[in-house]
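>>> any chance you could fold what I've pasted below:
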Amino acid sequence: MQFKKSFSLTFLTALFSTHLMAAQSPENVQVYTYDSFSADWGAGPKVKALFEQAHPQCQVNYVPFDSTGVMFNRIRLEGKKSKADIVLGLDQTMLDEARKTQLFAENNVPTEQLSLPVKWQDKVFLPYDFGAYAFVYHKEKLPNPPKSLKELVYNQQLRVIYQDPRTSGVGRGLVILMNEVYGDDVGAAWKKLASHTVTVGKGWSETYGAFLKGEADLVFSYNTSPLYHLLNDKDANYAATDFAEGQVLQIETAARMANHPNACADAFMQFLISPQAQSQISQKNVMFAVIDEKIEPHFDALKQAQQSKTTLGSGVNAEQLKQWTNTWQASLTQ
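Residues are numbered from 1 along each chain as shown. As a prediction, the model looks like this:
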């Protein structure tokens, strides 16, 4: 009898401990993203720490990829079997194709608080930062920068670096800008630009690194890039072009995978547009916050100036972008 009582007590204690451990185990949130977001110096680690501090029952795990293109291809390959709860990093140029996969679900995050140069009504893809594409240069090395895209394209003396639109979102931004400005004449414009292009790189990191080594006069990047040098390197010599024709935006988004019930993933989506997360994302990603919140005086002033600029290419769809990319590729081989 004593043995039975002892055994029952031991069994109940073990059972209780197992349930207690299960209750204390955090719920995992698998986030597919690009490597610069999840890197030690990126926004990801700080956002993760702040989120887990506010939601101790949750644990964020980043799965990094070389680029958003590689990440999106993985998602399509995995399909409904994907272990991702959230895909973070798809920009507006990829959303048409992303919708067609039917792999993403509405996120239920209120968007009334969003502050963007364009109205955002999408219930599936949630913006978490944005910026405008621009060519970046060193003011001492290029004291008279081009004031328009056409001036840059036809100035054979300027050494230019940009990104492959097949592998880079930044590269797709230039494709949109070129087509919006040149229309039917874009093929000839690409050939002109090719004559003084140093290289077309796979992604932003590669091309920006080459520019910093002095391999080009201008690199296609973001109008926020000079803020990185100013705030982190205390170097005010970098500047971004402000073309007369207007600007093309990049709006980065996060999305929930369909059929992945996960309360912590839902909470993380909401947290992405909180003031705490937005401050980290804006300054670490060197992009603008998507909410009307004071972040840092230089970012705030540039974002305010952004509102009065002409925005190009906001209605471009996937089929147009595919055709424009094909035209770019053909122009380089003719």
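
>>> in the stretch 151-300 of the chain, which spans are strands?
160-163, 197-201, 218-222, 238-240, 247-257 (DSSP state E, counting those that start in this stretch).

>>> out of those strands, which comes closest to residue 210?
Minimum separation from residue 210 across these (CB to CB) falls at strand 160-163, 5.7 Å. The way it works is simple: take the backbone N, C-alpha and C, and place the C-beta from them, glycine included.

>>> next, the buried residues of that closest one.
Neighbour counts over strand 160-163 (16 or more other CB atoms under 10 Å) mark 160, 161, 162, 163 as buried.

>>> do the same with stretch 192-207
For stretch 192-207, the buried set under the neighbour-count rule, 16+ other CB under 10 Å, comprises 192, 193, 196, 197, 198, 200, 201, 202, 203, 204, 205, 207.

>>> related to what we said a few turns ago, need the strands of the stretch 151-300 of the chain in a markdown table with distance to residue 87 and mean pLDDT, can you?
Below are the strands of the stretch 151-300 of the chain laid out as a markdown table (distance: least, CB to CB, whole Å; pLDDT from 0 to 100):
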| stretch | distance to residue 87 | mean pLDDT |
| --- | --- | --- |
| strand 160-163 | 21 | 97 |
| strand 197-201 | 24 | 95 |
| strand 218-222 | 22 | 97 |
| strand 238-240 | 29 | 97 |
| strand 247-257 | 5 | 96 |
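
>>> and the ones you listed: which comes nearest residue 103?
strand 247-257 (6.2 Å).

>>> distance between the closest one and the chain's centre?
Put simply, strand 247-257 sits 6 Å off its chain's centre (CA atoms, centre = their mean, to the nearest Å).

>>> okay, now residue 320: neighbour count?
By other CB atoms under 10 Å, 15 other residues sit near residue 320.

>>> where exactly do the helices run in the stretch 51-200 of the chain?
Ranges of helices within the stretch 51-200 of the chain are 68-78, 95-100, 149-154, 169-182, 186-194, based on DSSP state H, counting those that start in this stretch.

>>> now the ones you listed in a markdown table, with mean pLDDT?
Listed next are those as a markdown table, based on pLDDT from 0 to 100:
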| stretch | mean pLDDT |
| --- | --- |
| helix 68-78 | 93 |
| helix 95-100 | 92 |
| helix 149-154 | 97 |
| helix 169-182 | 95 |
| helix 186-194 | 97 |
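
>>> deepest-packed of these, please.
Mean neighbours per residue, mean count of other CB atoms under 10 Å, is largest over the helices of the stretch 51-200 of the chain for helix 169-182, with a mean of 24.
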